[in-house]
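> could you look at this predicted model? Sequence included:
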Amino acid sequence: MHVLRSIDKLDRVGLEGVALLLGPGRRDESGDFAKGVGLGPAQIDIILNYLKIKTDLRAQTCGELERLVSPSAVGREGVDELRQIDDALTAAGYDDRRVLIDPTVVRGLAYYTGPVFEGVLTFDIVDETGVKRPFGSVFGGGRYDDLVERFTGQKMPATGSSIGVDRLLAALKVLGKTEDRCATAHVLVTRLDKNLTAHYQTLAAELRRAGINAELYVGTQGIGKQFKYAADSGKTVTVVVGEDEMKIDQVSIKDLRLGDELSKNIGADRKQWLEQQPAQFSTPRSELVSAVRTVLERYARSGE
């Protein structure tokens, strides 16, 4: 942890200052002396080379990290995780201009067990000293597989984040975006097959780019539970894609409100009603956005 604390001071003391903190120690401008970690020159060089890896391309960063940590099995596993994250981001439409891999980010690694992340606003502000700088971080988090077990005794994988509410509000005020808005997602992209996760990411991203609030289901429960979640959380539409739909390049759309209304008048033959699926229809993959929008606009016009 002492090494990580030294790395976390990079923005304030620079590479030279970090090298001193990793080695014999560093005296700051006030004269206070911070005791160093006591690493040798060869060990410090490895860490400094790691901290210098910062490119504008995620794939390039992964490649440089792999070359540096290749002797370590744990290091190679970490790079593989970063590549999986890169694949998911690419599938969701987040290019290198939106999300970077930054080896210098340090968070509460006493309990994080995997990748950590920060959300940073890049527009410039003038701070209290009159210096122009980017606004900076507004939220952060990471993977912590062991934290739940520490309190409950139950093994459970988890990823979480926290928002700096005061900082986010300050940013919204600077940008003039503090008016009331509804950010509820009306569409749920379901997950039938974990091997198609990247495809589901692409569907959700496509809907969002078209101005349609969409949520991607990230749990592991079956489709019935996913439909229940969609209904309980007030969704209007679900998007369903499995192997059958993939083969014919189609998506299945379910109108939850219509399905709920029709279910009130099923009658005795519930099995036949379920087989007919009156509120569910298929559409070509290329018409996903227009099909979903048609359903949503139907209720927007009726004021529901």
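In hand now; what should we look at? Numbers count the residues shown, from 1 in each chain.

> and Glu287, its phi and psi?
Taking degrees, to the nearest 10, you get phi -110, psi 20 for the backbone angles of Glu287.

> can you confirm Val138 is in a helix?
No: per DSSP: H, G, I helix; E, B strand; the rest coil, Val138 lies outside any helix segment and is strand.

> pretty sure Phe135 contacts Ala171?
Yes: with contact defined as CB atoms under 8 Å, Phe135 reaches Ala171; the gap is 5.6 Å. C-betas here are computed from N, CA, C, even on glycine.

> what residues are shared contacts of those two?
Residues within reach of Phe135 and of Ala171 at once, by CB atoms under 8 Å, 6 or more residues apart in numbering, are Leu121.

> for the stretch 201-304 of the chain, give me the ranges with low pLDDT.
259-278, 301-304 (pLDDT under 70).

> residues contacting the nearest residue to His186 once chain neighbours are set aside?
Spatial nearest neighbour of His186, excluding adjacent residues (CB to CB, 6 or more residues apart in numbering): Thr236 at 4.6 Å. Listed by CB under 8 Å, 6+ apart, the contact set of Thr236 reads His186, Val187, Asp255, Leu256, Arg257, Val295, Leu296, Tyr299.

> please produce CSV containing the residues you listed, extended by secondary structure and neighbour count.
What follows is the contacts of Thr236, written out as CSV (DSSP: H, G, I helix; E, B strand; the rest coil; neighbours: other CB atoms under 10 Å):
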residue, secondary structure, neighbour count
His186, coil, 21
Val187, strand, 25
Asp255, strand, 22
Leu256, helix, 21
Arg257, helix, 17
Val295, helix, 21
Leu296, helix, 17
Tyr299, helix, 15
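
> mind putting these in JSON lines, distance to Asp127 included?
Formatted as JSON lines, the contacts of Thr236 follow (distance: CB to CB, whole Å):
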{"residue": "His186", "distance to Asp127": "39"}
{"residue": "Val187", "distance to Asp127": "40"}
{"residue": "Asp255", "distance to Asp127": "51"}
{"residue": "Leu256", "distance to Asp127": "48"}
{"residue": "Arg257", "distance to Asp127": "49"}
{"residue": "Val295", "distance to Asp127": "47"}
{"residue": "Leu296", "distance to Asp127": "43"}
{"residue": "Tyr299", "distance to Asp127": "46"}
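
> which one of these is nearest Gly75?
Val187 (39.6 Å; CB to CB).

> quick one, domains of this protein?
According to automatic domain parsing, the chain comprises the domains 1-52, 187-302.

> how about stretch 237-245: buried residues?
Val237, Thr238, Val239, Val240, Val241, Glu245 (16 or more other CB atoms under 10 Å).

> and Ile7, how many neighbours?
Ile7 has 19 neighbouring residues, counting by other CB atoms under 10 Å.

> leaving out chain neighbours, which residue sits closest to it?
Using CB to CB, 6+ apart, the closest residue to Ile7 is Val106 (5.4 Å).

> you'd agree the one you found is up against Ser6?
No: judged on CB under 8 Å, Val106 makes no contact with Ser6 at a distance of 9.4 Å.

> neighbour count for these two, which is higher?
Just comparing Val106 and Ser6: by other CB under 10 Å the higher neighbour count belongs to Ser6, 25 against 17.

> pull the contacting residues for the more buried one.
Val18, Leu21, Leu22, Gly36, Val37.

> run the chain-centre distance for the longest helix seen in the chain.
Longest helix in the chain, counting residues (DSSP state H): helix 73-91. Here helix 73-91 is found 14 Å from its chain centre; the criterion is CA atoms, centre = their mean, to the nearest Å.

> please save the CA atoms from that helix in PDB.
Taking C-alpha atoms only, helix 73-91 is exported to PDB below (Å, rounded to 0.1, in the frame of the first residue of the first chain):
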ATOM      1  CA  ALA A  73       1.100 -14.200 -14.500                       C
ATOM      2  CA  VAL A  74      -1.000 -11.800 -12.400                       C
ATOM      3  CA  GLY A  75       0.100  -8.900 -14.600                       C
ATOM      4  CA  ARG A  76      -0.900 -10.800 -17.800                       C
ATOM      5  CA  GLU A  77      -4.300 -11.600 -16.200                       C
ATOM      6  CA  GLY A  78      -4.800  -7.900 -15.500                       C
ATOM      7  CA  VAL A  79      -4.000  -6.800 -19.100                       C
ATOM      8  CA  ASP A  80      -6.500  -9.500 -20.300                       C
ATOM      9  CA  GLU A  81      -9.200  -7.900 -18.100                       C
ATOM     10  CA  LEU A  82      -8.400  -4.500 -19.600                       C
ATOM     11  CA  ARG A  83      -8.700  -5.900 -23.100                       C
ATOM     12  CA  GLN A  84     -12.100  -7.300 -22.300                       C
ATOM     13  CA  ILE A  85     -13.200  -3.900 -21.000                       C
ATOM     14  CA  ASP A  86     -11.900  -2.300 -24.200                       C
ATOM     15  CA  ASP A  87     -13.900  -4.800 -26.300                       C
ATOM     16  CA  ALA A  88     -17.100  -4.000 -24.300                       C
ATOM     17  CA  LEU A  89     -16.600  -0.300 -24.500                       C
ATOM     18  CA  THR A  90     -16.000  -0.500 -28.300                       C
ATOM     19  CA  ALA A  91     -19.100  -2.600 -28.700                       C
END
